[in-house]
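Asks: predicted model and sequence below, questions to follow.
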Amino acid sequence: MTTSRARITKAVIPAAGLGTRFLPATKATPKEMLPVVDKPAIQYVVEEAVTAGLSDVLMVTGRNKRPLEDHFDRNYELEQVLRDKGDETKLSRVEESSDLATMHYVRQGDPRGLGHAVLCAAPHVGDEPFVVLLGDDLIDPRDPLLTHMTRVREEHGGSVIALMEVPQESIHLYGCVAAAPTEETDVVRISGLVEKPPAEEAPSNLAIIGRYLLDPAVFEVLRKTEPGRGGEIQLTDALQTLAAEPSLGGPVHGVVFRGRRYDTGDRADYLRAIVRLACEREDLGPEFRDWLRGFVTEEM
Ligand code: UTP
């Protein structure tokens, strides 16, 4: 277990999943590259990490994921064309993603589950606490979550995961926790975790969402974690071991997030994210909102 005040600088973004819910779009394109308005979903996630002070980003990738690396790299030809045209606005948009963070990549090989993807980050992360951000979970930048999670780790040590209240009938879609309240509102102490339980067996309506602040002890636990639900090595199962045995890597706490979040890996939520973010944009918003109002009144 590392000290709870160690500064956290490393972010791990697992992006090696197959994205089957978005086929055929994801046959040759990673789902993380699908645009949310005019930025790929993954860029919002890297921006969130950087805003929280995590300037060292490791992406866990797999086959078909080259576009992810290209997106965060320079594109000299395109930059030169835009420079020659004097189009500074577009040039800065192109440069933005390559200047964001220090990017590193590791390949997962076979997508053997989220826990296995996180384990692939072990050599890079070493013995430091780190943050895992799922590439298809988009947290609105106006509702900071990672800073709250960091504060909870400073106070309690161990690991901290993000939770969200969901209707009981949706809990089977998520990892779910058994938890007890603490003195702080919306911070809970977790005693058990279960991946995608049937509603009648779910210990609560608190669902795990894609932000985890992990003690490096999780790696040792993951090495010993057998494949679980769906034959995959589940991060939830490793967290269950940590929660049950705090001597391994400290307690596991949860922060209940009440802000805006979109699961861009889900088609309906992806559409909601685009409509909402487009409506709020200064450049596109006014015209798009007018059109949307008309569309809803006349065609729905
Ligand atoms: P999902 O459960 O959303 O799976 O993974 P998926 O394969 O990406 O998408 P669908 O369900 O087939 O449409 C949650 C996160 O974990 C990563 C994914 O990239 C995603 O960010 N992941 C999952 C890995 O990196 N490796 C894996 O083996 C599995």
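Replies: That came through, no problem.

Asks: contact residues of this protein facing the ligand?
Replies: By the rule C-beta under 6 Å from any ligand atom, the part of the chain lying against the ligand is 14-21, 60, 108, 111-114, 116-117, 134-136, 265. For the C-beta atoms, the positions are set from N, CA and C on the backbone; glycine is no exception.

Asks: now those residues: which count as buried?
Replies: Applying 16 or more other C-beta atoms under 10 Å to the residues of the chain next to the ligand, the neighbour count classes 14-17, 19, 60, 108, 111-114, 116-117, 134-136, 265 as buried.

Asks: wait, what's in contact with the residue in the stretch 1-150 of the chain that the ligand sits nearest to?
Replies: Nearest to the ligand in the stretch 1-150 of the chain, going by C-beta to the nearest ligand atom, is G17, at a distance of 2.1 Å. Going by C-beta atoms under 8 Å, 6 or more residues apart in numbering, G17 touches 31, 62, 111, 114, 117, 136, 265.

Asks: which helices and strands sit right next to the host helix or strand of S247?
Replies: Under the criterion of DSSP states H and E, S247 resides in helix 246-249. Contacts defined by 3 or more C-beta pairs under 8 Å, 6 or more residues apart in numbering; DSSP states H and E place helix 246-249 against helix 217-224, helix 235-244.

Asks: quick check: buried residues in that helix?
Replies: By neighbour count with 16+ other C-beta under 10 Å, helix 246-249 contains the buried residues 248-249.

Asks: all strands for the stretch 101-250 of the chain, in order.
Replies: Using DSSP state E, counting those that start in this stretch, the strands found in the stretch 101-250 of the chain span residues 102-107, 130-133, 137-139, 159-165, 175-181, 187-195, 206-214.

Asks: what is the burial count for the residue nearest to G19 when sequence neighbours are not counted?
Replies: Spatial nearest neighbour of G19, chain neighbours left out: K31 (3.3 Å); criterion: C-beta to C-beta, 6 or more residues apart in numbering. Other residues near K31 come to 24 when the count uses other C-beta atoms under 10 Å.

Asks: contact partners for K31?
Replies: Contact partners of K31, counting by C-beta under 8 Å, 6+ apart, are 17, 19, 21-22, 25, 41, 135-136, 264-265.

Asks: of the residues you listed, closest to I171?
Replies: Sorting these by distance to I171 puts G265 at the head of the list, at 17.5 Å, by C-beta to C-beta.

Asks: isn't that closest one up against L138?
Replies: No. Using C-beta atoms under 8 Å, G265 is not in contact with L138; the gap is 9.8 Å.

Asks: could you check how far V166 is from the ligand?
Replies: V166 sits 16 Å away from the ligand, taking C-beta to the nearest ligand atom, to the nearest Å as the criterion.

Asks: ramachandran coordinates for that residue?
Replies: Backbone torsions for V166, taken as degrees, to the nearest 10, come to phi -130, psi 160.

Asks: what about G53, neighbour count?
Replies: G53 has 14 neighbouring residues, counting by other C-beta under 10 Å.

Asks: that one - that's part of a helix, no?
Replies: No. Assessed with DSSP: H, G, I helix; E, B strand; the rest coil, G53 is coil; it does not lie in a helix.

Asks: tell me the mean pLDDT over the strand or helix carrying V81?
Replies: Using DSSP H and E, V81 maps to helix 76-85. Helix 76-85 shows an average pLDDT of 94 in the prediction.

Asks: again, but for stretch 98-108
Replies: Averaged across stretch 98-108, pLDDT comes to 93.

Asks: cool, and stretch 155-175?
Replies: Stretch 155-175 comes out at a mean pLDDT of 95.

Asks: TSV for the strands of the stretch 101-250 of the chain, including distance to R229 and mean neighbour count?
Replies: Converted to TSV, the strands of the stretch 101-250 of the chain look like this (distance: least, C-beta to C-beta, whole Å; neighbours: other C-beta atoms under 10 Å):
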stretch	distance to R229	mean neighbour count
strand 102-107	24	15
strand 130-133	18	25
strand 137-139	19	22
strand 159-165	17	24
strand 175-181	9	19
strand 187-195	5	21
strand 206-214	13	24
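
Asks: the contacts of G17 into a markdown table, with extra columns for distance to E96?
Replies: Listed next are these as a markdown table, based on distance: C-beta to C-beta, whole Å:
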| residue | distance to E96 |
| --- | --- |
| K31 | 21 |
| G62 | 25 |
| P111 | 29 |
| L114 | 28 |
| A117 | 26 |
| D136 | 21 |
| G265 | 24 |
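
Asks: now, which of these lie within helices?
Replies: In this view, those that belong to helices under DSSP state H are 114, 117.
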